[in-house]
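*Asks:* Here is a sequence together with a model predicted from it:
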Amino acid sequence: MPDKSLNDRITAYKQAFASGEIQATYQSLVGIVQGLRTEFSKKYKGEFSVASVMHGYIDFTYFYLQNAYLKSHQLKLAIVFNHQHARFELWLLGQTKEVQIRYWEKLKGIPWVNPTVMPEYSVFDVTLLAKPDFDDIAGLSAAVHTAFGALSAQIFSTLQAYG
């Protein structure tokens with residue numbers, strides 16, 4: 001089935017925005033990510049530098065974390081809110097596509113790395129929180145921090161082992 005033209009999709013686009021729910025929900029979700037970024041910045045001060053919140057198109061909202069080890073290897077971690085799946089993810093990113101490919105090749109045997117297809121934007125992406133409770137921000141935040149602490153420790157030990 002051929003794609004509809006942009007003109008053919010505009011009616012549905014306008015209808016989706018008409019109620020204002022999409023805009024309000026998007027802003028609330030971005031606010032949650034901004035709150036997490038502030039918490040990470042305070043909690044990991046001196047351990048990680050934490051970048052500002054970035055927006056993908058309408059698909060991802062994220063912030064980067066980097067420490068001396070990651071920087072020396074041209075890598076970054078990103079806490080990502082995936083809007084399509086309404087979940088939080090942790091991505092390992094390379095500063096360039098070549099760095100990402102090199103690390104993807106090295107890490108193919110690791111459980112969180114898809115050995116057949118490299119993600120478009122990262123070496124790998126792992127779900128941190130699959131079903132966030134957006135009505136319990138404190139619990140959501142605690143769950144993201146706990147998952148990040150456990151997973152980042154595994155990632156660093158794996159990176160050091162695989163060089």
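*Replies:* Arrived safely.
*Asks:* Tell me which residue lies nearest the centroid of the protein.
*Replies:* With distances taken as Cα atoms, centre = their mean, Val80 lies nearest the centre of the chain, 1.9 Å away.
*Asks:* Go ahead and confirm that residue touches Glu89.
*Replies:* Yes. Look at Val80 against Glu89 with Cβ atoms under 8 Å: they come within range, at 4.5 Å. (Glycine included, C-beta is placed from N, CA and C.)
*Asks:* Give the partner strands of the helix or strand encompassing Lys76 in its sheet and their orientations.
*Replies:* Using DSSP states H and E, Lys76 falls within strand 75-82. Here strand 75-82 has these sheet partners by DSSP bridges: strand 60-66 (antiparallel), strand 87-94 (antiparallel).
*Asks:* Now tell me what touches it from outside.
*Replies:* By Cβ atoms under 8 Å, 6 or more residues apart in numbering, the residues outside strand 75-82 that reach it are 29, 32-33, 36-37, 40, 59-66, 70, 87-95, 99, 103, 122-123, 125, 128, 144, 148, 152, 155, 159.
*Asks:* Kindly recompute the last result at 6 Å.
*Replies:* 33, 60-66, 70, 88-89, 91, 93-94 (Cβ atoms under 6 Å, 6 or more residues apart in numbering).
*Asks:* quick one: which of the residues you listed is nearest to Leu140?
*Replies:* Of all the contacts of strand 75-82, Leu140 sits closest to Phe88, with 8.3 Å by Cβ to Cβ.
*Asks:* how about that closest one, what does it touch?
*Replies:* Counting by Cβ under 6 Å, 6+ apart, Phe88 has contacts Phe81, Leu128, Leu129, Val144.
*Asks:* Among those residues, which one sits closest to Phe48?
*Replies:* Among these, and counting by Cβ to Cβ, the member closest to Phe48 is Val144, at 14.5 Å.
*Asks:* Contact partners for the closest one?
*Replies:* Residues in contact with Val144 (Cβ under 6 Å, 6+ apart) are Phe88, Leu128, Leu129.
*Asks:* mind redoing it with 7 Å?
*Replies:* Counting by Cβ atoms under 7 Å, 6 or more residues apart in numbering, Val144 touches Leu36, Phe88, Leu128, Leu129.
*Asks:* Now do the strands in the protein.
*Replies:* Assigned by DSSP state E, the strands in the chain fall at 49-50, 54-55, 60-66, 75-82, 87-94, 124-129.
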